[in-house]
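K.L.:
I would like the atomic coordinates for the input below:
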Amino acid sequence: MTEAATRRPDRAQYGVCGVLAVVGVLVIADAARLPHIATSNDPIGPKPVPIVLGVLLLVVAALYAVDVARGGTGAAEEGEDVDVTSPVDWRTVLLLIAAFVVNLATIEPLGWVISGTLLFWGSAFALGSRHHVRNVFIAVALSLATFYGFAIGLGVGLPAGVLQGIL
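P.N.:
Below you'll find the model as predicted:
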């Protein structure tokens, strides 16, 4: 017998199949409620794309269930240089959580540019970078780029906070 034939099927993968199927049904049901809006620029309307995606999710769920039933399993990860026996670095995790909490608390009063700068700088600090001054300049550049990228590129205004009228 082959190794795959002697292995028990991983029944947890059927849960993934079920989640895919449920999401597919929800997407189709939600798309069915969309009104048919056709214009001269868009004769098809918004309805077909989510229906196609929902059907594709159902097809993938069915194919994946067949693969699991036949004993198919994913290949073990070999490319990572991770020691799974090493303990969790709680200091890094807690510093990252703190950076996100500070961002959450300051985004409205201070605005995205200042809040994002604190987030990017705090994340770099938590992940081990000790070039504090350089990281501030990089964090400001990233914050400004995302602020204007959202505003100009997507038409979504991020809060300006105390820099309202300057940006």
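K.L.:
From the opening residue of stretch 144-157 to its closing one, how far?
P.N.:
12 Å (CA to CA, to the nearest Å).
K.L.:
ok, and what's touching that stretch?
P.N.:
Stretch 144-157 has contacts (CB atoms under 8 Å, 6 or more residues apart in numbering) with 112, 113, 116, 158, 167. Quick note: C-beta positions are derived from backbone N, CA and C, even for glycine.
K.L.:
hmm, 10 Å instead?
P.N.:
For stretch 144-157, contacts defined as CB atoms under 10 Å, 6 or more residues apart in numbering pick out 111, 112, 113, 116, 117, 120, 142, 158, 159, 160, 163, 167.
K.L.:
What sits closest to the fourth one if chain neighbours are left out?
P.N.:
Nearest residue to residue 116, sequence neighbours excluded (CB to CB, 6 or more residues apart in numbering): residue 143, at 3.5 Å.
K.L.:
Return the item of the contacts of stretch 144-157 having minimum pLDDT.
P.N.:
Across the contacts of stretch 144-157, the bottom pLDDT score, 77, is held by residue 167.
K.L.:
center of the protein, which residue is that?
P.N.:
residue 100 (15.4 Å; CA atoms, centre = their mean).
K.L.:
List the residues that contact that one.
P.N.:
With CB under 10 Å, 6+ apart, residue 100 has these contacts: 119, 122, 123.
K.L.:
Out of those residues, grab the one that's most surrounded.
P.N.:
For those, the largest number of neighbours (other CB atoms under 10 Å) sits with residue 119, at 23 neighbours.
K.L.:
which secondary structure element contains that residue?
P.N.:
helix 112-126 (DSSP states H and E).
K.L.:
how about the helix or strand following that helix: buried residues?
P.N.:
Where DSSP H and E defines the elements, the next helix or strand beyond helix 112-126 is helix 132-148. Buried positions in helix 132-148, judged by neighbour count with 16 or more other CB atoms under 10 Å: 135, 138, 139, 140, 142, 143, 146, 147.
K.L.:
which one of these sits closest to residue 28?
P.N.:
Proximity of the buried residues of helix 132-148 to residue 28 (CB to CB) peaks at residue 146, which lies at 34.3 Å.
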